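**Q** Fold the following, please.
(4 chains)
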Number of protein chains: 2
Amino acid sequence: MKSTLKDVAKKANLHSSTVSRVLRGEKKLRVSDETRKRVFDAAEELHYSPNQTARTLRMQKSFLIGLIVPDIANPFFARVARSIEIQGFERGYTVIVCNTDEKQEKEDKFIDTLLSRGIDGLIIAPVQDSTEQIQKLVERKFPLVLFDRDFDDIKTNSVLTNNFEASYDAVKLLAEKGSKRVAFVSGRRKIYTTQQRLEGYKKAVKDLNLENSESLIVGDGFSFESGFESTKQLLKLPEPPTAILVTGNLVSVGAMKAVLEAGLSIPKDISIIAFSDNIFSQYLVTPLSSIIHPIDEIGLETFKILINQIDSKEELPIVKKMITSSLELRDSVQ
Amino acid sequence: MKSTLKDVAKKANLHSSTVSRVLRGEKKLRVSDETRKRVFDAAEELHYSPNQTARTLRMQKSFLIGLIVPDIANPFFARVARSIEIQGFERGYTVIVCNTDEKQEKEDKFIDTLLSRGIDGLIIAPVQDSTEQIQKLVERKFPLVLFDRDFDDIKTNSVLTNNFEASYDAVKLLAEKGSKRVAFVSGRRKIYTTQQRLEGYKKAVKDLNLENSESLIVGDGFSFESGFESTKQLLKLPEPPTAILVTGNLVSVGAMKAVLEAGLSIPKDISIIAFSDNIFSQYLVTPLSSIIHPIDEIGLETFKILINQIDSKEELPIVKKMITSSLELRDSVQ
DNA sequence: TTGAAAGCGCTACCAG
DNA sequence: CTGGTAGCGCTTTCAA
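**A** Presented below is the predicted three-dimensional model:
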């Protein structure tokens, strides 16, 4: 069914190596016009299309990029993936997306699989339960870029957003609006990003003399349920918070549901700001004030850094790119 | 850096073919325990991991599955993709997701690319501007399953939902609630799924003696903007509809925004039912009554049919699987 | 300007 | 039970 170089060669009465040269349009193509025509005609006729697997094996270059994310069903990662895929498409790369569900074992397995498939580079928002695998990649100088998350103890390329500052500013704003008790509904605590946000929150609480209590910090996951349950916990406090800073796309919807189910009003009783952004945020029961990440920029920068690594023959210096998020105020803040 | 079979063989003082046999745990493994141990030790020591590219080339089997969807950032496709990826993972398959943005040229390009990469099978929610490429795949009996969309004139495996009936029932319900003027905000009209829904709508309108006007049928796309603009158009009618049936996840949010921006109330002035389902639907300004597709079931069935095709040596009969959706009533219907 | 041959890393077949 | 060899389809070096 599929034709090979040899088939084309036979039909054109040439050797496969000649056909290969012509078809690839080799730079200093030392080929007669007559020959070239024969090749193209034969290739056309046989619907020849090169076998990428063979090419990969021979050239040690796959035009494959691995992208490992927690969950592509999360709008944030979906859109970053799209952005990266589009970049890749333009340059002839196919990207393989893998979902870890925040499981280190899956991440490890995927890295192995992807490497054995000969990917040219890897983009990853790591689970961060372990550094081992990634450490190894770094050691062997494998083209690698982290995004959204980072390690303190590994020197890698990464594209991050200014979570610390964004968090600090959000709390400050809530305080200025009159809240003395601002709660923090956390995403997965192991995650660098979450930690940065929590740090920002803590610093603001301290600087602004807000109520400083561990019981105002709840949650440890990125799911809807996590947001829902941990917010319910907040509402059971003797003195519930008057404002909440939520981490995560799905978490924020969960938090919102908990508040509403308790018969409270947003923002009258409780204001909410969320690290979250998707097309739905502004059409929720109460439009959600959100800290928005410029997703395309994240995808763009990430890809750019990776492709530089892949293309460059010398060793490149580590790049850390910080992207600035913006706060979009909507009805959920009074 | 990476070790090969040969490296392991040298270290173990054996031939690479022997090492290969041992490492694959060949069925009737005619290998001495002593040898086996030597192999495993050497492999371990060298961190040997087989080169999938070479294996693919040799075995003509890649353990790669292609998945082509309009847009992975659409929650419906994201979740189907996840479901399929999980199935694949369990059976050693890697899935490559490609996004067409509803562009036929992209679909065609992706099919080519995927084939040249030697995928074992293809799952696709086709753009449906052209049948040519898919026709060819069918002719050469390439393992293929369509989902969410189908062609009338091509005999393929497909997994569909009962859009016609669901649409009919939704309109009927709206009529029973008192609406005489039910509008239809359409997704991309070329799409089989959309057509089915429109048919169902039309039949219900006729059967139930509702206002039958072409001006009540608007829209031709799956974007937020499409829903927004075409609904605005509806509201400009001398007699605007009292209920709307919307097709599509993002479209419905657009429709909702148009209604609200016009100062109208949902459901007091206008009821809405949407073909749409995602975690946000129930937390929108007005929780949205939705026709819900059992996504995991869709992913499961699709994968099952594909894997059967891939594994079977004889030719299998065409399978058409119909999945039943369900209507979840929320506040957007009075 | 073109052909021949080697080899990417692996599996499978045939000897011994 | 193990080794040798051919070959998957391609690119690349060396000859002619």
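**Q** Report the contact partners of the closest residue to residue A:200 other than its chain neighbours.
**A** Using Cβ to Cβ, 6 or more residues apart in numbering or on different chains and skipping residues adjacent in sequence, the residue nearest residue A:200 is residue A:167, 3.0 Å away. Just so you know, the C-beta spots here come from the backbone N, C-alpha and C atoms, and that holds for glycine as well. Contacts here follow Cβ atoms under 8 Å, 6 or more residues apart in numbering or on different chains; on that basis residue A:167 touches A:196-201, A:204, A:245, A:275.
**Q** And residue A:167, how far from residue A:202?
**A** The spacing between residue A:167 and residue A:202, counted by Cβ to Cβ, to the nearest Å, is 9 Å.
**Q** swap in residue A:82?
**A** 34 Å.
**Q** wait, is the residue nearest to residue A:200 part of a strand?
**A** No. According to DSSP: H, G, I helix; E, B strand; the rest coil, residue A:167 belongs to no strand; its state is helix.
**Q** mind checking how far it is from residue B:11?
**A** 52 Å.
**Q** now residue A:4
**A** Distance from residue A:4 to residue B:11, by Cβ to Cβ: 35 Å.
**Q** ok, the residue in the stretch 201-334 of chain A positioned nearest to chain B - contacts?
**A** Scanning the stretch 201-334 of chain A for the residue nearest chain B gives residue A:280, at 4.0 Å (criterion: Cβ to the nearest Cβ). Shown in contact with residue A:280 (Cβ under 8 Å, 6+ apart): B:253, B:278, B:280, B:283-284.
**Q** Please list only the buried members of the residues you listed.
**A** Neighbour counting with 16 or more other Cβ atoms under 10 Å in any protein chain shown marks B:253, B:278, B:280, B:283-284 as buried within those.
**Q** Turn the residues you listed into CSV, columns for pLDDT and secondary structure.
**A** Shown next, in CSV, are those (pLDDT from 0 to 100; DSSP: H, G, I helix; E, B strand; the rest coil):
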residue, pLDDT, secondary structure
B:253, 88, helix
B:278, 73, coil
B:280, 78, coil
B:283, 78, helix
B:284, 80, strand
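**Q** Check whether residue A:270 really touches residue A:245, as I assumed.
**A** No. Contact criterion Cβ atoms under 8 Å: residue A:270 and residue A:245 do not qualify, at 11.3 Å.
**Q** Comparing the two, which shows the higher neighbour count?
**A** residue A:245 (30 against 27; other Cβ atoms under 10 Å in any protein chain shown).
**Q** Partner strands of whichever strand or helix holds that one, with direction?
**A** In the assignment (DSSP states H and E), residue A:245 maps to strand A:243-247. Strand A:243-247 has these partner strands in its sheet, going by DSSP bridges: strand A:182-185 (parallel), strand A:271-275 (parallel).
**Q** What parts of the stretch 201-334 of chain A come near chain B?
**A** Applying Cβ under 8 Å from any Cβ of the partner chain, we find that the stretch 201-334 of chain A lies next to chain B at A:224, A:250, A:253, A:256-257, A:278-280, A:283-285, A:287.
**Q** any idea which of these is closest to residue A:306?
**A** Nearest to residue A:306, judged by Cβ to Cβ, of these is residue A:278 at 25.0 Å.
**Q** Nearest spatial neighbour of the closest one, chain-adjacent residues omitted?
**A** That would be residue A:75: by Cβ to Cβ, 6+ apart, it lies 4.0 Å from residue A:278.
**Q** Isn't the one you found up against residue A:290?
**A** No. Assessed by Cβ under 8 Å, residue A:75 is found out of contact with residue A:290, at 11.7 Å.
**Q** Name the residues that touch stretch A:217-233?
**A** By Cβ under 8 Å, 6+ apart, stretch A:217-233 touches A:70-71, A:74, A:102, A:183-189, A:198, A:201, A:234, A:244, A:246-255, A:257-259, A:262, B:279.
**Q** Give me the buried subset of those residues.
**A** Using 16+ other Cβ under 10 Å, the buried members of these are A:70-71, A:74, A:102, A:183-188, A:198, A:201, A:234, A:244, A:246-255, A:257-259, A:262, B:279.
**Q** that older thread, please identify which pair of the contacts of residue A:280 lies farthest apart.
**A** It's B:253 and B:283 that sit farthest apart of the contacts of residue A:280, by Cβ to Cβ, at 11.9 Å.
**Q** So what angle separates the directions of the host helix or strand of residue A:171 and strand A:271-275?
**A** According to DSSP H and E, residue A:171 maps onto helix A:163-176. For helix A:163-176 against strand A:271-275, the angle by axes from the mean of the first three to the mean of the last three Cα atoms, to 10 degrees is 170 degrees.
**Q** Now helix A:163-176 - C-alpha only, CSV.
**A** Only the C-alpha atoms of helix A:163-176 are listed here, as CSV (Å, rounded to 0.1, in the frame of the first residue of the first chain):
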residue,chain,number,x,y,z
ASN,A,163,2.7,34.3,41.5
PHE,A,164,4.2,35.7,44.6
GLU,A,165,3.5,39.3,43.6
ALA,A,166,0.1,38.5,42.2
SER,A,167,-0.9,36.9,45.4
TYR,A,168,0.4,39.7,47.5
ASP,A,169,-1.4,42.3,45.5
ALA,A,170,-4.6,40.4,45.6
VAL,A,171,-4.6,40.2,49.3
LYS,A,172,-3.7,43.8,49.5
LEU,A,173,-6.6,44.7,47.4
LEU,A,174,-9.0,42.7,49.5
ALA,A,175,-7.6,44.4,52.6
GLU,A,176,-8.1,47.8,51.1
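**Q** where's it relative to the chain centroid, distance-wise?
**A** What separates the centre of helix A:163-176 from the centre of its chain is 24 Å, taken as Cα atoms, centre = their mean, to the nearest Å.
**Q** Okay, buried residues for that helix please.
**A** Here helix A:163-176 shows A:163-164, A:166-175 as buried, counting by 16+ other Cβ under 10 Å.
**Q** Find the residue ranges of the stretch 201-334 of chain A scoring beneath the pLDDT cut-off.
**A** Scanning the stretch 201-334 of chain A for pLDDT under 70 picks out A:277.
**Q** Just want the residue of it that's nearest DNA strand D.
**A** residue A:313 (14.2 Å; Cβ to the nearest atom of the strand).
**Q** Any residues of chain A in contact with DNA strand D? List them.
**A** Taking Cβ under 7 Å from any atom of the strand as the contact definition, chain A meets DNA strand D at A:2, A:4-6, A:16-17, A:20-21, A:23-24, A:50-51, A:54-55, A:57-59.
**Q** those strands in chain A, which residues are they?
**A** Listed in chain order, the strands of chain A (DSSP state E) span A:64-69, A:94-99, A:121-124, A:144-147, A:157-161, A:182-185, A:217-218, A:243-247, A:271-275, A:289-292, A:320-323, A:326-328.
**Q** List the buried residues for the fifth one?
**A** It stands for strand A:157-161. A:157-161.
**Q** which residues sit in contact with the residue lying closest to residue A:129 once chain neighbours are set aside?
**A** Nearest non-adjacent residue to residue A:129, counting by Cβ to Cβ, 6+ apart: residue A:104, 3.8 Å away. By Cβ under 8 Å, 6+ apart, the contact set of residue A:104 is A:127, A:129-130.
**Q** redo that, cut-off 10 Å
**A** A:126-130, A:132-133, A:190 (Cβ atoms under 10 Å, 6 or more residues apart in numbering or on different chains).
**Q** same thing with residue A:17?
**A** Counting by Cβ under 10 Å, 6+ apart, residue A:17 makes contact with A:5, A:9.
**Q** Could you check the pLDDT of it?
**A** pLDDT, residue A:17: 92.
**Q** ok, residue A:174 touching residue A:211?
**A** No. Residue A:174 is not in contact with residue A:211 according to Cβ atoms under 10 Å; the separation is 12.0 Å.
**Q** okay, and the common contacts of those two?
**A** A:180-183, A:241-242.
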